[in-house]
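In: Got a predicted model here, sequence first, then my questions.
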Amino acid sequence: MYLSETIIIVGCVNAIVFSGVLFAARINVKANVFLGVLILSLAANLGLSWVLAYRLFDVYPLLHLLPFGVSFGLGPLIYLYTRSLCTDEKPNYYHLLFFLGDYPHSLYHLILGREADSAFHGFLDKFGFFALIVIVFYLWLSWKTITAYQSDLKNKVSNVSHRTLGWLKQLVVLFLISLPVFLVMWILLITIGLEFNERVFGHLYYAIAIFWLGIGGIRQHQLFSSEKVQPQNEPSQKVTIDKDRIERLVALMEEEQLYLFPDLDIRLLETKLDLSAKQISEVLNIGLGKNFYRFINEYRVEEFKRKALSNSNLTLYGIAMECGFNSKATFQRVFKEITGMKPSEFVSTQKP
């Protein structure tokens with residue numbers, strides 16, 4: 001058995017397993033469906049290499065109707081996955097029409113046979129270059145979506161360490177870096193051609209991409225709740241903030257000590273204050289001059305200071321967990337951002 005065959009089998013089995021887990025998930029359902037389809041599409045492209053190597057199109061011509069090609073649909077799937085994780089907006093499925101861009105070539109061979117060659121066939125071969133442009137465009141849209149999400153994150157949640165979508169940015173960068181590789185392989189295929197056993201590198205890339213996407217997607221589904229952070233425009237400085245709203249917000253935080261909840265986000269305050277998330281953000285940004293993340297973590301830091309100076313038997317990290325922080329790294333970073341010193345430095349300066 002060729003090494004390429006082994007890689008293809010492993011890649012396709014992984015794709016079936018990972019996509020099955022994603023399709024069965026009950027969190028971020030739409031996003032997981034898009035990622036699962038993306039993984040299966042990459043597996044289909046692996047399968048296409050095998051079909052071509054064993055000339056199965058000659059034996060079963062109707063195989064041309066199967067969606068083996070993924071070049072035009074790759075970018076839209078990444079974008080739709082990103083949008084589904086970042087926002088609650090209904091996805092625009094028309095982006096998936098780009099999948100049709102891979103079919104003219106298949107239909108040409110279905111009608112005229114695999115050996116048919118013409119100027120039009122040469123055009124269809126070169127038409128695949130435009131798929132790279134489509135991918136770049138959708139990767140750019142995905143990057144913009146993630147950046148907008150991240151820029152507004154601190155207006156909505158109090159702990160951001162597991163919600164920054166850093167993995168998605170890695171995904172976008174991975175595909176951007178891979179584009180020159182795709183371009184070189186595409187040029188080689190339409191010029192000198194490559195035998196099945198000479199495409200090991202390409203097959204290995206697809207298999208690794210399937211595994212990496214599957215693992216990352218499953219972890220993403222575990223880390224995120226069904227609630228999304230909805231990017232919004234910065235509040236206008238002309239908005240007048242009712243002082244009563246500021247007082248109600250501060251009183252709620254101090255009386256109920258909601259900051260002690262590690263996963264506190266702005267939506268919990270909506271029902272308690274009878275205000276929308278946008279109105280609360282305006283109270284914080286304009287009325288108090290800070291975002292939700294800063295507002296909540298200032299309370300946590302003050303709570304930590306109070307408890308750390310009492311006769312507590314807990315470690316500094318243990319006290320931080322009691323104050324609403326969800327990790328040691330987050331606690332260390334936030335404390336220094338707000339006070340300008342490390343927690344241990346603060347404690348040592350307060351001791352007699």
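Out: Great, that's in hand. Numbering: from 1, shown residues only.
In: Please name the residues that touch residue 305.
Out: The contact partners of residue 305, taken as C-beta atoms under 8 Å, 6 or more residues apart in numbering, are residue 346. From N, CA and C alone the C-beta is placed, and that goes for glycine too.
In: before we move on, what SS does it have?
Out: Reduced to three states with DSSP: H, G, I helix; E, B strand; the rest coil, the structure at residue 305 is helix.
In: can you tell me how far it sits from residue 320?
Out: With distances taken as C-beta to C-beta, to the nearest Å, residue 305 is found 11 Å from residue 320.
In: Ranking helices and strands of this structure by mean pLDDT, which lands last?
Out: helix 166-191 (a mean of 74; mean pLDDT, DSSP states H and E).
In: Give the burial count for residue 218, as a bare number.
Out: Using other C-beta atoms under 10 Å, residue 218 has 16 neighbouring residues.
In: now residue 117: how far from residue 123?
Out: In terms of C-beta to C-beta, residue 117 sits 12 Å off from residue 123.
In: Quick one: distance of the helix or strand just after the least confident helix or strand of the chain to the chain centre.
Out: Note on helix 166-191: by DSSP states H and E, the next helix or strand toward the C-terminus is helix 200-223. In this view, helix 200-223 has its centroid 13 Å away from the chain centroid, taken as C-alpha atoms, centre = their mean, to the nearest Å.
In: Can you report the mean pLDDT over the residues of helix 200-223?
Out: Regarding helix 200-223, the rounded mean pLDDT is 79.
In: just stretch 296-316 next, same as before
Out: Mean predicted lDDT for stretch 296-316 stands at 86.
In: can you pull the buried residues of it?
Out: 296, 297, 298, 299, 300, 301, 303, 304, 305, 307, 308, 316 (16 or more other C-beta atoms under 10 Å).
In: Kindly report the same for stretch 272-292.
Out: The neighbour-count check on stretch 272-292 (16+ other C-beta under 10 Å) flags 275, 277, 279-287, 291-292 as buried.
In: Kindly indicate which of those lies nearest residue 342.
Out: Closest approach between these and residue 342, by C-beta to C-beta: residue 291, at 23.1 Å.
In: Residue 329 - how many residues pack around it?
Out: 10.
In: how about the helix or strand harbouring it: buried residues?
Out: Applying DSSP H and E as the criterion places residue 329 in helix 328-339. Of the residues in helix 328-339, those buried by neighbour count under the rule 16+ other C-beta under 10 Å are 330, 331, 332, 334, 335, 339.
In: so which one among the residues you listed has the lowest pLDDT?
Out: If you rank those by pLDDT, residue 330 sits at the bottom with 87.
In: How about the contacts made by residue 56?
Out: Counted by C-beta under 8 Å, 6+ apart, residue 56 has contacts 50, 63.
In: tell me the pLDDT at it?
Out: 82.
In: so how far is residue 254 from the most centrally placed residue in the chain?
Out: With distances taken as C-alpha atoms, centre = their mean, residue 168 lies nearest the centre of the chain, 3.3 Å away. Look at residue 168 and residue 254: by C-beta to C-beta, they are 37 Å apart.
In: what's the answer for residue 16, then?
Out: Residue 16 is 53 Å from residue 254, by C-beta to C-beta.
In: For the two, indicate the residue with more neighbours.
Out: More crowded of residue 16 and residue 254, by other C-beta under 10 Å: residue 16, with 14 against 11.
In: correct me, but the more buried one touches residue 46?
Out: No: look at residue 16 against residue 46 with C-beta atoms under 8 Å: they stay out of range, at 11.7 Å.
In: one step back: joint contacts of residue 117 and residue 123?
Out: By C-beta under 8 Å, 6+ apart, no residue touches both residue 117 and residue 123.
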